[in-house]
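S.K.: Build me a model from this:
(chains A and B)
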Amino acid sequence: MKELRNSVCIVGADESDELGTLPNKSMLTLHLEAVRNAVRDAGLKISDVDGVFTAGQHSPATIGEALGIVPRYIDGTTVGGCSFIIMVGHAMVALHHGLCDVAVVCHGESGRSGVGVTPRRDTALPGQYETPFGFGGAPTYFGMITTRHMHEYGTTLEQWAQVAVSTRAWAGLNPKARNREPITVADVLNSRPVCYPFNLLNICLVTDAGGAVVLTRADRAKDCAKKPVYVRGAGEATEHVMLTQMKNLTQSEATRLSGTKAFAMAGVGPTDFDHIMLYDAFTSGPPIMLESLGFCKPGEGVRYFEHGRSTPGGTLPINTNGGGLSYTHSGMYGIFPIIEAVRQQRGECGPRQVPGTKLSLVNGMGGMLSAAGTLVLSHER
Amino acid sequence: MELERPLPQPITPEAKPYWDGLRAQKLMLPRCRACQRAFLYPRVLCPFCHASDIEWVQASGRGKLYSFEIAYQTISKAFKLKPPYVLAMIELEEGPRMMSNLVGIEPDPKRIACDMPVEIVFEKLTDEITLPLFKPAGGAR
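M.R.: So this is what the prediction gives:
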């Protein structure tokens, strides 16, 4: 802990332009003014900021989006008013290790006048600009990414359907999976249309579930009950919250940055993995993640799900727990691919075990490819 | 009077010129005086160059359908239009993208294509609120 002492400094500090009773300023405006003023006070530019730490109604993804930056380190710890004080400590650790270079810990709140305030996080902007048109919930958004991808790269509904077919085959081998009966591409295409281009079987389950992982430092890990799984690399980034703010609908900049960081930390590249877990809220996520992570050119991601590749016994198993599509999906699914990768690396997976697996990739998204988190896990150092 | 659509809320002060413009049947966009780029959604600093000098300019109302979905079931009780309807992401001529609905065309994926040209239709919801919808440019098909 002592090596953290004095490794980091606060170089800018300021409030919003005004304080008091401000019925003509939204909460987001107060927040952005504060960031602008503090960054100016530091003699830096907003484009220098690559770490965003904020609490409350605005997630760090919203602040990154509003500022037009793509932070590679984010923190949204929200435990009440002291969250910002706590996050200075979090920023200290991130900066110390070079996980970001310029961190902003920031706040904006229309506590008296309630301007631009909604009860749930990140709902104010969609409430103003999207809800009146019938948008609401992931299926009304994620399909846009797919439609555009089909237009730009010629991917087909059959190819997206194959992602569900491959994933369901793995669910058949997982006794905890909810849907285990094999399906075909025709089954997916004939399932109930929900929101073109998605039919029911293109969309993840909605279940009730919990999950957790426990970590400790490597020197203590060998005293724990089972074979430890090393975190070789970790990455993250956020690009946007609202899809209209995404630079290119078919390429997730957040995923690209997150993957780059995790792979660099781990000293690996796409061809080193023998087991892959990709957050599958929809059939279109995993192929696009592979593209954004640099596994293949845009348009080619769907090929990874062909029979004999991602499927049981195939050359590169993907989503071996049956995924959000067929195993479980409680809403925020990201803990579950981590659990599966740990089990695979420990050799605990029985009929769905990937034989001799040495390197697992876990890549998850938040929102509509808005945020990304990437882990490289291995039972070897 | 029951509304067919949920009202946009919360309307924020920095977006007032946008909603005032729509009420007057104009599409107004914030544009940065420093770098001359228009952007949506309205905010108090430019998301491109971060300058705080914003002016409002009238847009042509023309654009293209950057992407779309077709809803076959209604998601929220407050949105009362009967499915199927087209959820649209429009890319305006001036650059910014916005969400809307594509109207004046059958909601059939075989008839709708990304990049098709579109133009604005002003849909009055209440005395206060007019929404920007879009239709295929050059008449419905």
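S.K.: if I look at A:G56, how far off is A:L19?
M.R.: 17 Å (Cβ to Cβ, to the nearest Å). Quick note: C-beta positions are derived from backbone N, CA and C, even for glycine.
S.K.: can you count the residues close to residue 30?
M.R.: Let's take chain A. 23 (other Cβ atoms under 10 Å in any protein chain shown).
S.K.: ah, no, chain B please
M.R.: Residues near B:P30, counting by other Cβ under 10 Å: 22.
S.K.: Which pLDDT value belongs to residue 98?
M.R.: Assuming you mean chain A. We have a pLDDT of 96 for A:G98.
S.K.: that's the wrong chain, I wanted chain B
M.R.: Note on B:M98: pLDDT of 98.
S.K.: ok, now which ones touch it?
M.R.: B:M98 is in contact with A:129, A:244, B:40, B:89-90, B:92, B:132, counting by Cβ atoms under 8 Å, 6 or more residues apart in numbering or on different chains.
S.K.: before we move on, back to that, between A:G56 and A:L19, who's got more neighbours?
M.R.: Taking other Cβ under 10 Å, A:G56 and A:L19 do not tie; A:G56 has more neighbours (18 against 8).
S.K.: List the contacts of the one residue in chain A that gets nearest to chain B.
M.R.: Nearest to chain B, among the residues of chain A, is A:G68, at 3.1 Å (Cβ to the nearest Cβ). Contacts for A:G68 (Cβ under 8 Å, 6+ apart) come out as B:46-48, B:50.
S.K.: Tally up the residues packed near residue 18, please.
M.R.: Using chain A here. So A:E18, with other Cβ under 10 Å, has 11 neighbours.
S.K.: Can you look at chain B instead?
M.R.: Number of residues near B:Y18 (other Cβ under 10 Å) recorded here: 24.
S.K.: pretty sure it contacts B:K26?
M.R.: No - judged on Cβ atoms under 8 Å, B:Y18 makes no contact with B:K26 at a distance of 9.8 Å.
S.K.: State the pLDDT value of B:S76.
M.R.: So B:S76 comes in at 84 (pLDDT).
S.K.: Can you read off the backbone torsions of the residue of chain A closest to chain B?
M.R.: The phi/psi pair for A:G68 (degrees, to the nearest 10) reads phi 70, psi 30.
S.K.: Among the contacts of B:M98, which ones are in strands?
M.R.: B:89-90, B:92, B:132 (DSSP state E).
S.K.: Over to A:V342. Which of the three states is it?
M.R.: Following DSSP: H, G, I helix; E, B strand; the rest coil, we place A:V342 in the helix state.
S.K.: How about the contacts made by the residue nearest to it when sequence neighbours are not counted?
M.R.: Excluding the flanking residues, the one nearest A:V342 by Cβ to Cβ, 6 or more residues apart in numbering or on different chains is A:V229, at 4.9 Å. Listed by Cβ under 8 Å, 6+ apart, the contact partners of A:V229 are A:341-342, A:345-346, A:377-379.
S.K.: Quick one, which of these are buried?
M.R.: Those of the contacts of A:V229 that meet the buried threshold are A:341-342, A:345, A:377-379, by 16 or more other Cβ atoms under 10 Å in any protein chain shown.
S.K.: possible to save the residues you listed as TSV with pLDDT?
M.R.: Shown next, in TSV, are the buried ones among the contacts of A:V229 (pLDDT from 0 to 100):
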residue	pLDDT
A:A341	98
A:V342	98
A:Q345	98
A:L377	98
A:S378	98
A:H379	97
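S.K.: out of those residues, who's nearest B:M116?
M.R.: Nearest to B:M116 among the buried ones among the contacts of A:V229, counting by Cβ to Cβ, is A:A341 at 42.7 Å.
S.K.: gap between that closest one and B:A38?
M.R.: 44 Å.
S.K.: Quick check, the residue in chain B closest to chain A?
M.R.: B:P47 (3.1 Å).
S.K.: okay but that residue is in contact with A:G64, surely?
M.R.: No - at 10.2 Å, B:P47 does not count as touching A:G64 under the criterion of Cβ under 8 Å.
S.K.: For these two, work out which one has more neighbours and name it.
M.R.: Per other Cβ under 10 Å, whichever of B:P47 and A:G64 has more neighbours is A:G64, with 29 against 19.
S.K.: For the residue nearest to A:T315 when sequence neighbours are not counted, give me its contacts.
M.R.: The spatial neighbour of A:T315 that comes closest, neighbours along the chain excluded (Cβ to Cβ, 6+ apart), is A:R309 at 5.4 Å. A:R309 sits next to A:303, A:315-316 when contact means Cβ under 8 Å, 6+ apart.
S.K.: All set now, cheers.
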